Every structure is written in structure tokens, then in C-alpha cells.
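Novice: give me a 3D structure for the following:
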Amino acid sequence: LPQAAHLQMVKVSPGLLLRSTSSNNKKREDESFENFMSKITHLYMNNKNIDDVGDTFRHCSRLQVLYLYENKLTSVPDLSANSNLTHLYLQQNNITRICGLERLVSLEKLFLSKNKISVLEGMECQKNLRELHIDHQRLAAGEEIIVDPRSTQSLRSLRNLDISGSSLSCLEGLVHLTSLEHLDLSSNRLTNESELLNYLSQTTTLKDLSIAGNPLSKISRMNEKIILSARTLGMDNINIQYLFLRNPRWKRNLSLTSKIY
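Specialist: Numbers count the residues shown, from 1 in each chain. Below is the predicted model:
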């Protein structure tokens, strides 16, 4: 069985690359492979059992969007020649570490959900990143995701962060992310009420917050405390959707657009 499983793995070939381009892009018979790939902006390589990429993308200098989700990758592929990449889809692989992103200075959206990543790191050069999905990491029992503040300090453009379902127990690494609009912390191990409220008091743009499935979501009057922290930000038009608090007094007195759930 292990041998059969190994035989199912796929290494990227020139033929696979050609088949992974848009149907609107066709290589001319007299065109070289290198020249054709240098014009490609999108590659659709998801769900192909790929476990080895090598330097596959070295000719794809104009690549902007790369779909590599639902494969068998154990590491972030070599993308050193792809500085124009804006969208990278690597969810549902077996990646254990975030590295090799130094040249992806144009990256705007990064999807790393459902991998085996235990540290949010290696993102010091992603100053234009607006959306990061690193939720539901498949970690060993007792293991939790750790956030390296050196990485988050660089993510000043980040607006959407999903780090749910990864056993997160501490918000210390998120302190630099004060411009988030959407933050999903659900289904983690957060217990520190004051840590959350202190963090919220520093944010200025948060619209949606999810803390459901954490121990602290069961603390008495937690939603009201969150609302009070949010109100200190000077946000007069925050809309709260109550999913585990039903309090007519708060509904009557607040006219808001953000959500807590």
C-alpha cells in the first residue's frame, strides 16, 4: 500500500504545465515552451496529487495567480522568479513551514488553510498582503499555532485574517495588526479576556470578529465587554450581529455595521 500511494504522486512536467493554462491560451506550434510560459498569468494546478514542483515556475515571469491547492506539497514551492504573483492558493497540502516568500512583494492574497503549519512566520516582505487564510492547520495533539510578531509587524496592509481552528491560545503576535477589517479567531483556545479587550482597543477598522468556540466566548457578558472596547475606538457606526447574546437593550441603543460572532 505505501508503494502504491507513492506511485500516485505527481511531479510537474512541461506537459502538465501546458495543460494547466487557461483554455484561452494555446501554444503555437512554432513557439518555444519557454516563450509561451513567459506570457502566462494564471496557472490551474489544483487537485493533481503534485508532491514535487522543483523550479517549475522559473519561466513564468508574468505569473499573477497560481492555484496549487489540494495537492501533496510538503513545502512552499520555489517562486523566486515570480515577483508579479498577487494570488497564491496553497490550501489543503502538507506544508509544514512558511518560507521562500521573500521575492513575492506583490502578493495580495495568500491561502494556506488546512496544512501542517505551526508557526506564522516568514512574511516580512509581504507588505502588500491584504488577505491571509491560515486556518484549520492539521497539528499534532497538544500542538498550537504560534504567531511570530516579526512577520505580522510587516503586514500593515492586511485587512482579512482567518486563523480559526488552529489551537491558538495567545494574541500577542497579532498586536501589530491594527488595521484588520475581518478577523476570524473562532474554534481556538483563547482564554485571556483582558488580552482580547486590550487588542480590540488598539484596532481602528475592525468590522467583523468571530470568537465562537473559544473558552472566553463563554465568559459572562463577554459580548457587551467587546462592544464597550470597540466603542472606545470612536467608531459610531458599528453594527453588531448577536449570535450568542440576545439583549434588547443593546440592540435598542446601538446602531451598528460590524459583526461579532
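Novice: for Asp52, give me phi and psi.
Specialist: Torsion angles at Asp52 (phi, psi; degrees, to the nearest 10) stand at phi -140, psi 120.
Novice: for it, give the beta-bridge partners.
Specialist: Beta-bridge partners of Asp52, counted by DSSP bridges, are Lys11.
Novice: all helices of the stretch 101-250 of the chain, in order?
Specialist: If you assign secondary structure with DSSP state H, counting those that start in this stretch, the helices in the stretch 101-250 of the chain sit at 149-152, 193-202, 222-231, 248-253.
Novice: list the contacts for the residue lying closest to Arg189 once chain neighbours are set aside?
Specialist: Computed as C-beta to C-beta, 6 or more residues apart in numbering, the closest residue to Arg189 that is not its neighbour in sequence is Ser169, at 4.2 Å. Quick note: C-beta positions are derived from backbone N, CA and C, even for glycine. Listed by C-beta atoms under 8 Å, 6 or more residues apart in numbering, the contact set of Ser169 reads Glu144, Asn188, Arg189, Leu190, Thr191.
Novice: any low-confidence regions in the stretch 1-150 of the chain?
Specialist: The model of the stretch 1-150 of the chain has pLDDT under 70 over residues 1-7.
Novice: would you mind measuring from Thr205 to Ser179?
Specialist: For Thr205, the distance to Ser179 (C-beta to C-beta, to the nearest Å) stands at 5 Å.
Novice: okay, and the common contacts of these two?
Specialist: Shared contacts of Thr205 and Ser179, defined by C-beta under 8 Å, 6+ apart, comprise Arg159.
Novice: across the sheet, point out what pairs with the spatially most central residue of the chain.
Specialist: The chain has His133 as the residue nearest its centroid, 1.8 Å off, counting by C-alpha atoms, centre = their mean. In this entry, His133 is beta-bridged to Phe111, Asp162, by DSSP bridges.
Novice: test my guess that it contacts Leu110.
Specialist: Yes - the pair His133 and Leu110 passes the contact test of C-beta atoms under 8 Å, sitting 7.2 Å apart.
Novice: just how off-centre is stretch 105-120 within its chain?
Specialist: Offset of stretch 105-120 from its chain centre (C-alpha atoms, centre = their mean, to the nearest Å): 5 Å.
Novice: likewise stretch 47-59?
Specialist: Computed by C-alpha atoms, centre = their mean, the separation of stretch 47-59 from the middle of its chain amounts to 21 Å.
Novice: please save the CA atoms from it in PDB.
Specialist: Included here for stretch 47-59 are C-alpha records, laid out as PDB according to Å, rounded to 0.1, in the frame of the first residue of the first chain:
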ATOM      1  CA  ASN A  47      -6.100  18.700  -7.200                       C
ATOM      2  CA  LYS A  48      -3.400  16.900  -9.200                       C
ATOM      3  CA  ASN A  49      -1.600  15.000  -6.400                       C
ATOM      4  CA  ILE A  50       1.500  17.100  -7.000                       C
ATOM      5  CA  ASP A  51       4.300  16.500  -4.500                       C
ATOM      6  CA  ASP A  52       7.300  18.000  -6.200                       C
ATOM      7  CA  VAL A  53       7.400  21.300  -8.100                       C
ATOM      8  CA  GLY A  54      11.200  21.900  -8.300                       C
ATOM      9  CA  ASP A  55      12.000  25.000 -10.400                       C
ATOM     10  CA  THR A  56       8.900  24.500 -12.500                       C
ATOM     11  CA  PHE A  57       7.900  28.200 -12.500                       C
ATOM     12  CA  ARG A  58      11.200  29.700 -13.500                       C
ATOM     13  CA  HIS A  59       9.900  30.700 -16.900                       C
END
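Novice: and the gap between the residue nearest to Arg189 and Gly15?
Specialist: When C-beta to C-beta is applied, the distance between Ser169 and Gly15 equals 46 Å.
Novice: what does Leu161 give?
Specialist: When distances are taken as C-beta to C-beta, Leu161 and Gly15 turn out to be 38 Å apart.
Novice: looking at those two, which is more packed in?
Specialist: Under the neighbour definition other C-beta atoms under 10 Å, Leu161 and Gly15 were set side by side, and Leu161 has more, 24 against 9.
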